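S.K.: I'd like to go over a predicted model; first the sequence, then the structure.
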Amino acid sequence: MAWTVDDIPSQEGRLALVTGANSGLGLETVRALAAKQATVVLACRSRQKAEAARTQLLEQGLTGLDLLELDLADLTSVQRAITSFADRYGHLDLLINNAGVMAPPRRTTVQGRELQFGVNHLGHMALTQGLLALMESRPDARVVTVTSGAQYFGKIRWDDPDWEQGYERYSAYGQSKLANVMFALELDARLQEQNSSIRSLAAHPGVARTELQPTAIASGGNRFEALAYRLMDPLFQSAAMGALPQLHAATAPTAQGGDHFGPNQLGGLRGHPVRCRVAPAAHNREERQRLWELSEQFLDA
Ligand SMILES: NC(=O)c1ccc[n+]([C@@H]2O[C@H](COP(=O)([O-])OP(=O)(O)OC[C@H]3O[C@@H](n4cnc5c(N)ncnc54)[C@H](OP(=O)(O)O)[C@@H]3O)[C@@H](O)[C@H]2O)c1
């Protein structure tokens, strides 16, 4: 049977933090978790957009919504968010690393890393590492990292992960989304080795109508790219459908650490969540460890 939001068990008493919660898949994830009585913290870079999202959800009758300022393109902001969240709550059940940026012209984070690698991967790794201690004693604590079908064409550019030479917008996105799934699996392996009860899982949405593609076109695209997206539009599913794999990873009692979920139709482009394959590099422990060490060097720099 197709898994839907109706299958989410009660989240009463559970505390979730969702990054990029004001838009697209993040907003749908908050809506579904709050509808099942979770307390949800919307971690967003824009206070105004976060307020607007919360207002929309409150108008629907949802409750238990809090806001946290978080700019993943600035590690100082990430550290501030960790401290602020820890002071406010002191525990966490569910972390959903959802926020993302796709295919901008070459830009860098405040700390000088290529923006997509920095926001999609490094910012989330720093956030996760800072929040894990708050999850340790919680039953069924989970970290869910949102990747993409772009993982399958992604490559880690070991000699130039910041794309200082020959920047390609979508190849850099692919690198960051491969890094997301490699991180999720490596984190789970490390948690298991430490006998932690926290689980780390990954999910990808297929293709969903959100602000991701319009923002990519507006910031760095051209009319051919816009046309390509228009031609592909019939394949795109709603943001609510796109959010199902991450909701499944976050809440299904059958989901295991290290699992990766995506849609079940059209080669993973749309449909309901099922377990699905990860890019081969994510199975390779040596590659994952190499990425982990490189990322730690960048986070410590
Ligand atoms: N939609 C798809 O077809 C698709 C396919 C594969 C994977 N994904 C993945 O799904 C996730 C959610 O994307 P979406 O489709 O829902 O796109 P979206 O509607 O554009 O939402 C992206 C969210 O990320 C936030 N964000 C961007 N940069 C940030 C930063 N520096 N710090 C904090 N938050 C930041 C955005 O905030 P602002 O509103 O302030 O910009 C927004 O809340 C992403 O990881 C994306 O890679 C989406």
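M.R.: That came through, no problem.
S.K.: for the ligand, what are the nearby residues on the chain?
M.R.: When proximity is defined as Cβ under 6 Å from any ligand atom, the chain approaches the ligand at 19-20, 22-26, 44-46, 49, 70-73, 98-102, 119, 146, 148, 204-205, 207-208, 210-212, 215, 242. For glycine as for every other residue, the C-beta is placed from the backbone atoms N, C-alpha and C.
S.K.: Touching, residue 90 and residue 134? I think so.
M.R.: Yes. Counting by Cβ atoms under 8 Å, residue 134 is a contact partner of residue 90 at 6.6 Å.
S.K.: okay, the two: which has more neighbours?
M.R.: residue 134 (20 against 9; other Cβ atoms under 10 Å).
S.K.: Ignoring the adjacent residues along the chain, who's closest to that one?
M.R.: residue 92 (4.4 Å; Cβ to Cβ, 6 or more residues apart in numbering).
S.K.: Then residue 19?
M.R.: That would be residue 99: by Cβ to Cβ, 6+ apart, it lies 4.0 Å from residue 19.
S.K.: Check residue 292 too.
M.R.: Nearest one to residue 292, counting by Cβ to Cβ, 6+ apart, is residue 186 at 5.4 Å.
S.K.: measure that neighbour to residue 111 for me?
M.R.: Separation of residue 186 from residue 111 (Cβ to Cβ, to the nearest Å) stands at 22 Å.
S.K.: for residue 296, same thing?
M.R.: Separation of residue 296 from residue 111 (Cβ to Cβ): 14 Å.
S.K.: What helices and strands are in contact with the helix or strand containing residue 131?
M.R.: Using DSSP states H and E, residue 131 sits within helix 124-135. Judged by 3 or more Cβ pairs under 8 Å, 6 or more residues apart in numbering; DSSP states H and E, helix 124-135 is in contact with strand 15-19, helix 75-88, strand 94-97, strand 142-146, helix 169-193, helix 285-300.
S.K.: So for the fifth one, what gets flagged as buried?
M.R.: For helix 169-193, a neighbour-count test (16 or more other Cβ atoms under 10 Å) marks 169-189, 191 as buried.
S.K.: Cool, thanks, talk later.
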